[in-house]
Each structure stands twice: as structure tokens, then as C-alpha cells.
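Peer 1: Take this sequence and fold it.
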Amino acid sequence: MTLSIEYNIYPKHYLFGKELMKLSNRSQYGVRALFDVAYFSEGRRVQIHAISRRQGISRRFLEQIFYSLKKAGLVESKRGPKGGYLLTRPPGEITIGKIIRVLEGPIEPVPCKTMEQDGSACKYMEKCVTRMVWDEAGMMISRYFDSITIQDLCLRADQMGLEKEEKMMMYNI
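Peer 2: The predicted structure is shown next:
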């Protein structure tokens, strides 16, 4: 599976009259969801409805994303009233690149490597002058995404002054 670089049909995103290449919502929301768990959890499980409310992402879509993240071992979950999601490792060990690869597959601007591996390569593979450009671009994008962790996003949120919600009071009777 290659990175889902899509040309968004509705609504269109333009820069200088050209349609923009972009990551899928799945990757964008996956990064936002893991940031939310790291930033707002303070060691407690975070329920999906709270993430949905803070991030403006539908619960159903978050459930699909968290299923993949759980399967990859990035989060653990517990059902029930005290349930929710927790990161399985420190936020400083989870990179944006890892999240994108879990949710999308390899980070490639064009699917040449993947097509070569699965046997569906185009007939110009051996003589393709531009393949080097795409391979190098993919490596540069990967290095960039791999250089940013969820902890980095939490630090940026602090620098931006993003307020954390009031801690929930627990009353035991």
C-alpha cells in the first residue's frame, strides 16, 4: 500500500491555480488523535468521545483509526466506563512517520517501489529517469516525518498556549 496522496475532488484545495497534493484525512486525523491522547491524558485513559469533541473528528472514523493503531501496537484500549485509549510507549518514541506508515503504508510520492515489489511495475521501470527524483523525494519526506514525534507536538502545543481541559473530579461514595 502506498501513501494515499489524493487529489481532493470536493472541496478542491488550490495554490496558484494548481490542485495540491495532500495526505489523506486518515493520516491527518491519526496524528491529531495520538497527539490528543498524549497531551490531554496525563496518564489516564482517554475516551473516544472526548477526542472526537476536541479534535472535531467523527467517532466512527476515530474507531477505525484506533483499530489500526491498536493493531500496530501504538495504543492499548480498555472497554467500559473507565475505559479508553492510552499510548503504549512514550510520546517521544512515536513519530509522525510511524503513524502515517501504519495508517497508509509506505511514504512514497509515486508507487514505483511498491509496484516493483508486487510485480505490477510499469514497462518504463528500467529506463525511468524520473524515478530517482521520486525515490529521493520519498526519502526526504520520510526523514522529515520521522524527525517529528508526538512529544514534539505536545511541546509545540505548550508553546502555542493550548490549554488543557480541567481535570475531571472523581467522587467516591
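
Peer 1: Now for K82, how many residues are close by?
Peer 2: 10 (other CB atoms under 10 Å). C-betas here are computed from N, CA, C, even on glycine.

Peer 1: Check what pLDDT it gets.
Peer 2: pLDDT recorded at K82 is 84.

Peer 1: That one reaches R45, doesn't it?
Peer 2: Yes: counting by CB atoms under 8 Å, R45 is a contact partner of K82 at 7.0 Å.

Peer 1: May I have the helix or strand harbouring Y67 as PDB, with CA atoms only?
Peer 2: Assessed by DSSP states H and E, Y67 sits inside helix 59-71. What follows is helix 59-71, C-alpha atoms only, in PDB (Å, rounded to 0.1, in the frame of the first residue of the first chain):
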ATOM      1  CA  ARG A  59     -16.300   8.900  16.500                       C
ATOM      2  CA  ARG A  60     -16.800   6.200  13.800                       C
ATOM      3  CA  PHE A  61     -13.800   7.400  11.800                       C
ATOM      4  CA  LEU A  62     -11.700   7.600  15.100                       C
ATOM      5  CA  GLU A  63     -12.800   4.000  15.900                       C
ATOM      6  CA  GLN A  64     -11.400   2.800  12.500                       C
ATOM      7  CA  ILE A  65      -8.200   4.700  13.000                       C
ATOM      8  CA  PHE A  66      -7.700   3.500  16.600                       C
ATOM      9  CA  TYR A  67      -8.300  -0.100  15.400                       C
ATOM     10  CA  SER A  68      -5.300   0.200  13.100                       C
ATOM     11  CA  LEU A  69      -3.200   2.000  15.700                       C
ATOM     12  CA  LYS A  70      -4.000  -0.700  18.300                       C
ATOM     13  CA  LYS A  71      -3.200  -3.500  15.900                       C
END
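
Peer 1: Show me which residues of that helix are buried.
Peer 2: Within helix 59-71, the residues that count as buried by 16 or more other CB atoms under 10 Å are 62, 65-66, 68-69.
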